[in-house]
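Asker: Take a look and give me a structure for this.
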Amino acid sequence: MKMGFTNLKLFTVFLLLSWLNLGLGHRPVGGEQPLSKINILSTTLALHPHASIAASPILLGFKGEDTEWVDVTLQAPNPSSDDWIGVFSPAKFNSSACYSEIDLKDQKPYICSAPIKYMFANTSNSDYTKNGKTTLRFQLINQRADFSFALFSGGLSNPQLVAVSNSVSFANPKAPLYPRLAIGKSWDEMTVTWTSGYNIDEAVPFVQWGPPDLIPKRAPAGTLTYTRKTLCGAPARTVGWRHPGFIHTSFLKDLWPNQLYMYRMGHILSNGSYVWSKTYSFKAPPSPGQDSLQRVIVFGDMGKAERDGSNEYSNYQPGSLNTTDQLIKDKENFDIVFHIGDLSYANGYLSQWDQFTSQVEPIASAVPYMVASGNHERDWPDTGSFYGKTDSGGECGVPAQTMYYVPAENRDKFWYKSDYGMFRFCIADSEHDWREGTEQYKFIENCLATADRQKQPWLIFAAHRVLGYSSDKWYGKEGSFEEPMGRESLQKLWQRYKVDIAFYGHVHNYERSCPIYQNQCVNSEKTHYSGTVNGTIHVVAGGGGSHLSEFSEVNTTWSLYKDHDFGFVKLTAFNRSSLLFEYKKSSDGNVYDFFTISRDYRDVLACVHDGCEPTTMAS
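Answerer: Now for the predicted structure:
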């Protein structure tokens, strides 16, 4: 038995070292996934006859709600400031059969799964350590299983289970929830992806949709899920595992430009009855080249946060809810969102993907929510990632590729093009090799080269990592002010095809460069560009919500505006000749940086350095 306990301790240390290695490739981490702080495998049983914990109400979602508040009342005979409450789902968490990446023959951990969230007992009552009594409020979302609350002493590093509550559940835990829209492979196709508890042998998924004044039609949906073995490592395959449910995607085709459509997700059960979601609406995209008002939101690295204050550790993701709430508040004033990587920061704790889709549901259910692959979605050693880091927590791209639709030919290669009215977006996957001669390089060139600049005058490149320019502290220490090998292959494409703006996340702040080529500003203007711009403006918009990144002390000549704060970018195309760029802070939604571009089609055709086709004397 002693040998088994030693093996368990070694295994725990190994997992902790693995989970905490969540670096950004070249840079240290400023905040871990909060659930990784819990040494859950070392939990010991310390049930106390005078300790109690109770949750109410016990049944949630009577009227179809997918979010509810629960009061948790507890009493502890030996209260301490280290006491904490874990929320577990499914409610029964003391499994006797635990999955492990290595063989634990002699002793099984008492608890094999991390909680979905946690809160310290004295969070809302400073007298808890004196009288051992308090009531905490938790916000729960429907996650396809019941819930229980457990009181622990010993802090996060040495948890001792003191008491377990009654179970709490939603009226229909399998309900279709959290729709996320995305543009399909053609401009007149919208995809609806959602999560439910119904596999195809239980119910047939579909979307009922149509203009509000016509009889709706139905579109079938495909169903995907993934298993523990689909993932690549711990904690995703171990304590972070939670069944993701079933992810359904339906394709709504032959849309009329700018038409309002109503939709709801449905499942036909085996007995012939129906289960319905709430009713939502969206406006179809404009046709390619349509000369109308078109508004785009761009940001990266948002993550999720809890409205009940749980799961907060080391100031992790303090801006996430501010960004989300500003976008919800202003959602009538934009048409499409590009979240360019580092979506949920689940980092292998798979319950957090539900939390994230719930958080952004008011946005993603109303406008296309287009995503890119970041290091915290994809990176894992020996899985084809360009970086051999463990940033994904063993997810290796599987949850992101399953939970979100993108119009890629192969979703494991998360690069794609998307046309929206007067915009052409070329979305790269910085977690795969982008250098000259690679498959992705050929895609990027084709995406840029095939843009019809008469119809799509505004050409946008985006990637998660900074493949262009950033004054980030760690890039500055390397002297490159970019991701290593970032722009060396791509800058010739940006210049040749006259890319207007290149967006990046990964660095958690905001920065805008001058129009630049080969490290040199090629235009002296700062806020109003007219005629031929001569180069590409590079923008870091990685302040969506995760811990902020520091700037280098070097004052780079090409950097026009920096902000060490949370925020997002809005592009407004008024017509083919006029574009407004705005940077807004998440805290107040106000504009803190802007520029305009005014030009005609002939300005796009004009020759710039390294951006002209060779000419001959042929006639």
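
Asker: quick one: pLDDT of the nearest residue to residue 122 once chain neighbours are set aside?
Answerer: For residue 122, ignoring the flanking residues on the chain, the nearest one in space by CB to CB, 6 or more residues apart in numbering is residue 128 at 4.2 Å. For glycine as for every other residue, the C-beta is placed from the backbone atoms N, C-alpha and C. Per-residue confidence (pLDDT) for residue 128: 96.

Asker: Got phi/psi on residue 128?
Answerer: With angles defined as degrees, to the nearest 10, residue 128 sits at phi -60, psi -40.

Asker: what does residue 322 give?
Answerer: phi -60, psi -40.

Asker: Apart from its chain neighbours, what residue comes closest to it?
Answerer: With CB to CB, 6+ apart as the measure, residue 586 is the residue that lies nearest to residue 322, at 3.9 Å, once sequence neighbours are left out.

Asker: State the number of residues packed around the one you found.
Answerer: Other residues within reach of residue 586 by the criterion other CB atoms under 10 Å amount to 24.

Asker: With residue 214 instead?
Answerer: Using other CB under 10 Å, residue 214 has 9 neighbouring residues.

Asker: Mind pulling the model confidence for it?
Answerer: According to the model, residue 214 scores 95 on pLDDT.

Asker: Where does it fall, secondary structure wise?
Answerer: Taking DSSP states H and E as the definition, one finds residue 214 inside no helix or strand.

Asker: From residue 583, how far out is it?
Answerer: Distance of residue 214 to residue 583, computed by CB to CB, to the nearest Å: 41 Å.

Asker: what's the answer for residue 300, then?
Answerer: Residue 300 is 13 Å from residue 583, by CB to CB.

Asker: picking up where we left off before, the residue nearest to residue 322 contacts residue 569, correct?
Answerer: No - using CB atoms under 8 Å, residue 586 makes no contact with residue 569, being 11.5 Å away.

Asker: Identify the residues contacting the residue nearest to residue 322.
Answerer: Neighbour list for residue 586: 319, 322, 323, 326, 543, 544, 545, 565, 566, 567, 568 [criterion: CB atoms under 8 Å, 6 or more residues apart in numbering].

Asker: Next: residue 125.
Answerer: The neighbourhood of residue 125, defined by CB under 8 Å, 6+ apart, consists of 133, 134, 135.

Asker: burial measure for the first one, as a count.
Answerer: Residue 133: 15 surrounding residues under other CB under 10 Å.

Asker: Please shift the residue numbers so they start at 51 in all later answers.
Answerer: Right, with 51 as the first residue, what we last looked at is residue 183.

Asker: give me the number of residues near the closest residue in space to it that isn't next to it in sequence?
Answerer: Closest residue to residue 183 in three dimensions, ignoring its sequence neighbours and counting by CB to CB, 6+ apart: residue 125, at 5.3 Å. A count of nearby residues for residue 125, using other CB under 10 Å, gives 17.

Asker: so what's residue 125 bridging to?
Answerer: The residues paired with residue 125 through beta bridges, assigned by DSSP bridges, are residue 102, residue 183.

Asker: How confident was the prediction at it?
Answerer: Each residue has a pLDDT score; the one for residue 125 is 96.

Asker: doesn't residue 178 make contact with it?
Answerer: No - look at residue 125 against residue 178 with CB under 8 Å: they stay out of range, at 10.0 Å.

Asker: before we move on, back to that, how close does the residue nearest to residue 372 sit to residue 378?
Answerer: Here the distance between residue 636 and residue 378 works out to 12 Å (CB to CB).

Asker: next one: residue 185
Answerer: Shown here: residue 185 relative to residue 378, a distance of 29 Å by CB to CB.

Asker: so where do the helices sit in the stretch 201-350 of the chain?
Answerer: Assignment of helices within the stretch 201-350 of the chain using DSSP state H, counting those that start in this stretch yields no ranges at all.

Asker: Pick out whichever of residue 185 and residue 378 has more residues nearby.
Answerer: Set side by side, residue 185 and residue 378 show unequal neighbour counts under other CB under 10 Å, the larger going to residue 378 at 14 against 11.

Asker: hang on, isn't the more buried one packed against residue 412?
Answerer: Yes - with the criterion set as CB under 8 Å, residue 378 and residue 412 qualify as a contacting pair; they are 4.7 Å apart.

Asker: Now for this structure, the helix or strand with the poorest mean pLDDT.
Answerer: Ranking every helix and strand in the chain by mean pLDDT, DSSP states H and E puts helix 52-70 at the bottom, with a mean of 37.

Asker: What helices and strands are in contact with the next helix-or-strand element following it?
Answerer: Using DSSP H and E, the next helix or strand after helix 52-70 towards the C-terminus is strand 94-95. Where contact means 3 or more CB pairs under 8 Å, 6 or more residues apart in numbering; DSSP states H and E, strand 94-95 is packed against strand 210-214.

Asker: The strand it packs on pairs with which strands, parallel or anti?
Answerer: Here strand 210-214 is paired, per DSSP bridges, with strand 94-95 (parallel), strand 198-203 (antiparallel).

Asker: Turn those into a markdown table, including mean neighbour count and mean pLDDT.
Answerer: What follows is those, written out as a markdown table (neighbours: other CB atoms under 10 Å; pLDDT from 0 to 100):
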| stretch | mean neighbour count | mean pLDDT |
| --- | --- | --- |
| strand 94-95 | 12 | 93 |
| strand 198-203 | 24 | 98 |
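
Asker: what's the closest of these to residue 482?
Answerer: Nearest to residue 482 among the strands paired with strand 210-214 is strand 198-203 (41.1 Å), distances taken as CB to CB.

Asker: distance between the closest one and the chain's centre?
Answerer: Taking CA atoms, centre = their mean, to the nearest Å, one finds the center of strand 198-203 at 29 Å from the center of the full chain.

Asker: which residues are contacting that strand?
Answerer: Contacts to strand 198-203, defined as CB under 8 Å, 6+ apart, come from residues 93, 96, 101, 103, 105, 122, 124, 126, 128, 130, 132-139, 141-143, 165, 171, 188, 209-218.
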